[in-house]
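In: 3D, please:
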Amino acid sequence: NLSLARTTKIKTDEDTVDAIADLAKNYSSIYEETSALLDDLLKGTQSSYNPFRFDLKKDLDVGGESGENFIHFFELPEKLFYVWKKGSNFGGSSIDILTKNLESITMLSDFTSNAGRGFSVTTTDPINQGTPNLSMAAEQLFPDGILELTNSQTPLVISPSKSLASFPFSAATFDGTYLIEKIAVSYAPSYRLYKEFSSRHQKKKIDQVEDFLGIGLTEFGKFNAQNGLQFPTLNQTVAEVLEASAQFPKNMSKVLIEENATEEQIRSLSAQGFLDRYRYLLFSTHGLFIPGNASKTYLALNPSKETNESFDGMLTAGEISTLSLSSDLVFLSACETGLSEEAKSEGLLGLPYAFFLAGAKQVIATLWKVDDDASKLFVTAFFRQLAAVPKTKLASALQKPQIRFLRGDYPGFQHPRFWAGYVIYGG
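Out: Below is the predicted model:
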């Protein structure tokens, strides 16, 4: 991973790069390995390191735009490093925190409890429960040099390291102020892919004529019977889809609910070229992350009427990646849809990445199990904001309901567990 920092010597402060290199020399075996990676990088072979997450040389070659804010965190076994980009300027340094302590700092059990859609969640917890952890994490993850990037009207794009992938940056607190109150936040696997996703906004299909497609289920009896599972009823999902749809003209929106919310229907719409006509997609259902086999992570839809293993109702990440989309946004209103894992050749694998492969420009997903009632309120508030100001940046559109939640516009749902788990990925 040092090769990422080392290549910044091409266009950034040499003292900073040399300081990082000196730190790494303290870990002789690591230094030998990263030196080999650097040799590969400079030779252009790129054979020994992950091109998805750590190809900063290509990132640097892309160039930058005025006002961009981007932070990339990466790890050595005992150190956390970061590289920042603002416009065409780059910098980087280390953060004085041991990587082995990252998980304990970001393990916020009161946020990521087992409760979620279809399960009960206690809404009486005090708003400051968990705040000391978030404050401590913020102080260590945002030294003064990074903190300056938050003083901007331009959204802050964060490429987290593996240990930080589930950290709710928007809820990090600074002297009692949440980061989301200072700046809109989005996530990206790398700067290069962030730029690639951003460029998709310039390639809108001429025949993309409809605003919204919502897919939602409340009952999962058929899905459970088909797959031997026990997903509970979701009381608010269909209402959530209908209220989100109501924010757009009737002739510009469509819903697939209950019996019509089938895997076969989604894949058929894609095959016929109809799915990519929609600007916004909303999936309100159960989701399940499969550790160790991210391509099998899925959204739960209705199976086909006749038993058919091809349409078992599990719309997996692998199947999603074959869909044809050109959506500005896919909103995954289900539990843990933002979880992912790293693979040496693929980078971050999970539902957001699958939708990017399918052609989506941005994806909103969840870092933990979400509350059913709060989700309905949050999703409706988001699409109401989006419909009212359609040209707003999507990260800013997500910021608005998060601030409304934390400031008490929805009594009982001020705690960050109800709003900080919604994160946006992409350009």
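In: quick one: low-confidence ranges for the protein?
Out: The model of the chain has pLDDT under 70 over residues 1-67, 76-78, 88, 96-137, 143-147, 200-208, 305-309, 340-349, 427.
In: mind listing what M314 touches?
Out: N227, E263, K296, Y298, L299, A300, L301 (CB atoms under 8 Å, 6 or more residues apart in numbering). Placement of C-beta: from N, CA and C, glycine included.
In: which residues does it form beta bridges with?
Out: Taking DSSP bridges as the rule, M314 bridges to A300.
In: swap in W84?
Out: Going by DSSP bridges, W84 forms beta bridges with I71, G91.
In: was I right to think it contacts G92?
Out: Yes - judged on CB atoms under 8 Å, W84 makes contact with G92 at a distance of 6.6 Å.
In: ok, back up a step: buried members of the contacts of M314 into ChimeraX, please.
Out: What follows is the ChimeraX syntax for the buried subset of the contacts of M314, where burial is set by 16 or more other CB atoms under 10 Å:
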select :227,263,298,299,300,301
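In: tell me the one among the contacts of M314 nearest to A397.
Out: Lowest distance from A397 to those (CB to CB) belongs to L299, with 22.3 Å.
In: wait, that closest one touches F331, no?
Out: No - look at L299 against F331 with CB under 8 Å: they stay out of range, at 11.7 Å.
In: joint contacts of the two?
Out: F283.
In: what's the burial count for K86?
Out: K86 sits with 18 neighbouring residues when counted by other CB atoms under 10 Å.
In: ok, back up a step: any chance of the contacts of M314 in JSON lines, with distance to A387 too?
Out: Listed next are those as JSON lines, based on distance: CB to CB, whole Å:
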{"residue": "N227", "distance to A387": "35"}
{"residue": "E263", "distance to A387": "28"}
{"residue": "K296", "distance to A387": "35"}
{"residue": "Y298", "distance to A387": "29"}
{"residue": "L299", "distance to A387": "24"}
{"residue": "A300", "distance to A387": "27"}
{"residue": "L301", "distance to A387": "25"}
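In: between the contacts of M314, which is nearest K162?
Out: Checking those one by one against K162 (CB to CB), the nearest turns out to be K296, at 19.9 Å.
In: show me where the stretch 101-250 of the chain has strands.
Out: Here the stretch 101-250 of the chain has its strands, by DSSP state E, counting those that start in this stretch, at 156-159, 173-174, 177-178, 185-187, 210-216.
In: want to throw the ones you listed into a markdown table with distance to S324?
Out: Below are the strands of the stretch 101-250 of the chain laid out as a markdown table (distance: least, CB to CB, whole Å):
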| stretch | distance to S324 |
| --- | --- |
| strand 156-159 | 27 |
| strand 173-174 | 42 |
| strand 177-178 | 38 |
| strand 185-187 | 24 |
| strand 210-216 | 13 |
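In: of all those strands, which one is nearest E139?
Out: strand 173-174 (8.0 Å).
In: spit out the contact partners of D328.
Out: H201, R279, Y280, K361, Q362, L394.
In: next one: T262
Out: Counted by CB under 8 Å, 6+ apart, T262 has contacts L256, L301, N302, P303, S304, F311, G313.
In: now these: which count as buried?
Out: For those, buried by 16+ other CB under 10 Å: L256, L301, N302, P303, S304, F311, G313.
In: pretty sure the second one is touching E259, no?
Out: Put plainly, it is L301. No - the pair L301 / E259 is not scored as a contact, 11.0 Å apart, by CB under 8 Å.
In: buried set for stretch 353-362?
Out: So for stretch 353-362, counting by 16+ other CB under 10 Å, buried means Y353, A354, F355, F356, A358, G359, A360, K361, Q362.
In: among those, which ones are in strands?
Out: Of the buried residues of stretch 353-362, the ones assigned to strands by DSSP state E are Q362.
In: next one: G421 from D373, what distance?
Out: 14 Å (CB to CB, to the nearest Å).
In: neighbour count: those two, which is higher?
Out: G421 (28 against 18).
In: for the more buried one, give its distance to D409.
Out: Taking CB to CB, one finds G421 at 18 Å from D409.
In: what bridges to E75?
Out: L80.
In: out of the strands of the stretch 101-250 of the chain, nearest to A165?
Out: Across these, closest to A165 is strand 185-187 (CB to CB), at 8.5 Å.
In: what's that closest one packed up against?
Out: strand 156-159, helix 394-406, strand 422-426 (3 or more CB pairs under 8 Å, 6 or more residues apart in numbering; DSSP states H and E).
In: please enumerate residues in contact with it?
Out: 155-160, 169-170, 179, 362, 394-395, 399, 423-426.
In: if we use 10 Å, what do you get?
Out: 69-70, 150, 155-160, 165, 168-172, 179, 194, 197, 338, 348, 352, 362-365, 367, 393-396, 398-399, 402, 420, 423-427 (CB atoms under 10 Å, 6 or more residues apart in numbering).
In: one step back: most packed of the helices and strands packed on strand 185-187?
Out: Most buried of the helices and strands packed on strand 185-187, by mean neighbour count (mean count of other CB atoms under 10 Å): strand 422-426, with a mean of 27.
In: quick check: angle from it to helix 394-406?
Out: 170 degrees (axes from the mean of the first three to the mean of the last three CA atoms, to 10 degrees).
In: with just CA atoms, put strand 422-426 into PDB.
Out: Taking C-alpha atoms only, strand 422-426 is exported to PDB below (Å, rounded to 0.1, in the frame of the first residue of the first chain):
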ATOM      1  CA  TYR A 422     -27.600   5.700   4.900                       C
ATOM      2  CA  VAL A 423     -24.600   6.400   2.700                       C
ATOM      3  CA  ILE A 424     -24.200   7.300  -0.900                       C
ATOM      4  CA  TYR A 425     -21.600   5.800  -3.200                       C
ATOM      5  CA  GLY A 426     -20.400   7.000  -6.600                       C
END
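In: since that was my last question, I'll sign off now.
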